[in-house]
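# model this:
(2 chains)
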Amino acid sequence: MAASTGGEDRALGLTGLRLEQRHLDLMVAHCLSCYPEEGCGLISGDPLTGAVTNVHPLRNAARSARIYTLDPREHLDVDLQAEARGDTILGVFHSHTHTEPYPSPTDVRQAPDPTWHYVLVGFRHEVPSVRSFHIEGGNISEETLVVLGNRI
Amino acid sequence: MAVPVRLPTVLRPAAGGQSVVAIEGETIGEVLGSLQAEYPAMSGQLLTNEGVLHRFVNVYVNDDDVRYLDKLDTPVSDADTVSIIPAVAGGAA
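Modelled structure (predicted):
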């Protein structure tokens, strides 16, 4: 599995998404288990450092290969679990099964929170790729994924 | 009667960074109206101009989606917890 970087280097300011390899693996594994439909879920952790503590695979209520919708009841459960741990929901991940892991116009139009991290898992190529973005005011900016102290 | 209302991260800046606020009201409609009145930056983000719940917002009373209860007429008390959850969707399409 490869994780791509791009855009400006925001990691040094702790503005990238910081996570462990197991978090990446869980996101990719969940999205693969949903294939050919899009897979999705939430990530939670510390909003100050962007450090992920948990990945939460959720149901794609849309059951579609072209769109995803988080089940709002599952979202509530994750929100309550994160609150109980003192964590915050940091963002959402989902897969693009046949296109590049880059926010689509649908992703941009429906992005709910400018502070969130939007992680995309791409299956267009033989090796899955993972990229993370911020979406604010319709503008997309890619951020660095920092894995176990290694920038990848 | 003040009802605890849990806010999603996107609405917290409008409430001075608070994740939970205590809001007066005896129905969900009253609570959301009071919430917008107390924190005007939320105006238009919860209710439409027609006074109905925005489609990109889900509101729960404890474990139940108010759309499957009595919508904005759903009664609440200080023993309940109201959670506002953003609708999250997207995809390659």
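
# Flag every residue of chain B that's near chain A.
B:6, B:8-10, B:19, B:56, B:58, B:60, B:63, B:65, B:83, B:85-93 (C-beta under 8 Å from any C-beta of the partner chain). Where C-beta positions appear, they are placed from N, C-alpha and C, glycine not excepted.

# pLDDT score for the residue nearest to the spatial centre of chain B?
Here the mean C-alpha position of chain B is nearest to the C-alpha of B:Ile84 (C-alpha atoms, centre = their mean), at a distance of 4.5 Å. Each residue has a pLDDT score; the one for B:Ile84 is 98.

# Just checking: what are the partner strands of the particular helix or strand that has it in it?
When elements are assigned from DSSP states H and E, B:Ile84 belongs to strand B:82-86. Paired with strand B:82-86 in the same sheet, following DSSP bridges, are strand B:2-6 (parallel), strand B:57-61 (antiparallel).

# and those strands, which is most packed in?
strand B:57-61 (a mean of 22; mean count of other C-beta atoms under 10 Å in any protein chain shown).

# residues making contact with that strand?
A:72, A:75-76, B:28, B:32, B:45-46, B:53, B:65-67, B:69, B:74, B:76, B:80-87 (C-beta atoms under 8 Å, 6 or more residues apart in numbering or on different chains).

# List the buried residues for stretch A:57-72?
Residues of stretch A:57-72 classed as buried under the neighbour-count rule (16 or more other C-beta atoms under 10 Å in any protein chain shown) are A:57-62, A:64-72.

# try stretch A:34-50
A:Cys34, A:Glu37, A:Glu38, A:Gly39, A:Cys40, A:Gly41, A:Leu42, A:Ile43, A:Ser44, A:Gly45, A:Pro47, A:Gly50.

# show me the contacts for the first one.
This means A:Cys34. By C-beta under 8 Å, 6+ apart, the contact set of A:Cys34 is A:Cys40, A:Asn60, A:Ser95.

# Please report the distance of A:Trp116 from A:Thr106.
16 Å (C-beta to C-beta, to the nearest Å).

# quick one, which of those two is more surrounded?
Using other C-beta atoms under 10 Å in any protein chain shown, the more surrounded residue of A:Trp116 and A:Thr106 is A:Trp116, with 24 against 16.
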